[in-house]
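J.: predicted model follows, preceded by the sequence.
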Amino acid sequence: MKKIDAHLHLANPVAGYCRRGESRAIGGGKAQWGNGEIFQLFPVELGDMTFTAEDALEKCMKPNGVDKAVLMSGSMYGFQNQYHKLLLEKYPDTFCPSCTIDPFMTNYKEAIKRFMEEDGFHLAKFEVSSGGGLMGCHDPFDLAGDEMMYIYKTVEEHKGVVALDVGDIAMASHQPWSIMEIARKCPDLKVVVCHLLAPTRGWEREWKLSLELLNLPNVWFDIAAIPKIMAPDEYPYPVAAEYLQMAKEILTAKKFMWGTDAPFAATQDTYEHLTDYLFKNGAFTEEELEDVYYNNAEQVYFSK
């Protein structure tokens, strides 16, 4: 079965920034935040100070039959715009790299227009979560506010995609109503909600209502990191399967895209397990898996 990892991160170099300060590689796949906290950013066998496209291809994707990958921006790894631009040119048929920007930069309009018009990006990804994204660096803001709406409209003009990591329901960044407004005001924009809105035990009713709110023609969901989000859960993640089945009843399998959230997610389980667990836990039929693993991501990210 063909596969697209619809949520993969690279780090070349590690240059993160969030509520803990900056993150920098210190060797052995570890990084250190500005507050002194040291953590394992990627498994040592995947890299020492960086995790590159070549590392991803040779150590993760090819051994597990993954044909393509969507390269997401992430606060732990830092803005990778320059590196992602190089990969647009080097691997045009293998990777869909994202650009990202801080909407509170004075010249953010100039930058997003350059990314879309000159650099050739058609995906912009924003980690806005209060836990690790922009709302950990800034006061809470409206995801459908003027600054962000300018970005969405610019991406829409270039027939692109916007991916949003809004964190979980306890965070000010968790704004499904704003995502609905974005999708409706930008009907030609493809909107992807990362991590299936990060379901939280005990808040299933609210989560389902949010999924119903976002069951719109131009909105999709990646299911990256669901095994980690639903911890404690053991491979092949039966608890994750329960939540995926609940979501499928509302959205259908046409709205899901498999992804791993590697390399950080691979510090807690192997890339192999993050790749094959859906074959084993019964969340989707074999026909649905073809959509979840490949067809949906091909339509959203690789078809213009």
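T.: Nice, I can see it.
J.: how near is Glu89 to Glu272?
T.: Noted for Glu89: a distance of 30 Å to Glu272, by C-beta to C-beta, to the nearest Å. Placement of C-beta: from N, CA and C, glycine included.
J.: okay, these two: which has more neighbours?
T.: The neighbour count for Glu89 versus Glu272, taken as other C-beta atoms under 10 Å, is higher for Glu272 (13 against 10).
J.: any chance you could map the helices in the stretch 201-304 of the chain?
T.: 204-213, 226-229, 238-251, 271-280, 286-290, 296-297 (DSSP state H, counting those that start in this stretch).
J.: and Tyr83, what does it touch?
T.: By C-beta atoms under 8 Å, 6 or more residues apart in numbering, the contact list for Tyr83 reads Leu10, Asn12.
J.: so it, which of the three states?
T.: Under DSSP: H, G, I helix; E, B strand; the rest coil, Tyr83 falls in the helix class.
J.: where's it relative to Ser98, distance?
T.: 11 Å.
J.: before we move on, what about Phe39?
T.: Phe39 sits 23 Å away from Ser98 when distances are taken as C-beta to C-beta.
J.: who has more neighbours out of the two?
T.: Between Phe39 and Ser98, Ser98 has the larger neighbour count (other C-beta under 10 Å), namely 26 against 14.
J.: excluding sequence neighbours, find me the nearest residue to the more buried one.
T.: Excluding the flanking residues, the one nearest Ser98 by C-beta to C-beta, 6 or more residues apart in numbering is Lys125, at 3.9 Å.
J.: so the one you found, which state does it fall into?
T.: For Lys125, the assignment made with three-state DSSP gives strand.
J.: from what I see, it and Val162 are in contact.
T.: Yes - using C-beta atoms under 8 Å, Lys125 is in contact with Val162, at 7.5 Å.
J.: contacts for stretch 16-27, please.
T.: 11, 13-15, 31-35, 37-38, 41, 48-50, 74-78, 130-133, 136-137.
J.: wait, Gly28 sits on Asp48?
T.: Yes - if you go by C-beta under 8 Å, Gly28 and Asp48 touch, sitting 6.5 Å apart.
J.: give me the element the residue of the chain positioned farthest from its centre is part of.
T.: Largest separation from the mean C-alpha position in the chain: Gly36, at 26.2 Å (C-alpha atoms, centre = their mean). Counting by DSSP states H and E, no helix or strand carries Gly36.
J.: again, but for Leu86
T.: Taking DSSP H and E as the definition, one finds Leu86 inside helix 81-90.
J.: same question for the very next helix or strand once past that helix, mean pLDDT?
T.: Moving toward the C-terminus from helix 81-90, the next helix or strand (DSSP H and E) is strand 95-97. Taken as a whole, strand 95-97 has a mean pLDDT of 98.
J.: and Ala11, how close does it get to Leu134?
T.: Taken as C-beta to C-beta, the span from Ala11 to Leu134 is 19 Å.
J.: again but with His84, I slipped
T.: 18 Å.
J.: didn't Val44 look like it was pressed against Gly29?
T.: Yes - Val44 lies in contact with Gly29 (C-beta under 8 Å); the separation is 4.4 Å.
J.: neighbour-wise, which of the two wins?
T.: In this view Val44 and Gly29 are compared by other C-beta under 10 Å, and Gly29 has more residues nearby, 25 against 12.
J.: ok, Gly28 - how many residues close by?
T.: If you count neighbours by other C-beta under 10 Å, Gly28 ends up with 14.
J.: report pLDDT for the closest residue to Gln40 other than its chain neighbours.
T.: Nearest residue to Gln40, sequence neighbours excluded (C-beta to C-beta, 6+ apart): Thr267, at 4.7 Å. Note on Thr267: pLDDT of 97.
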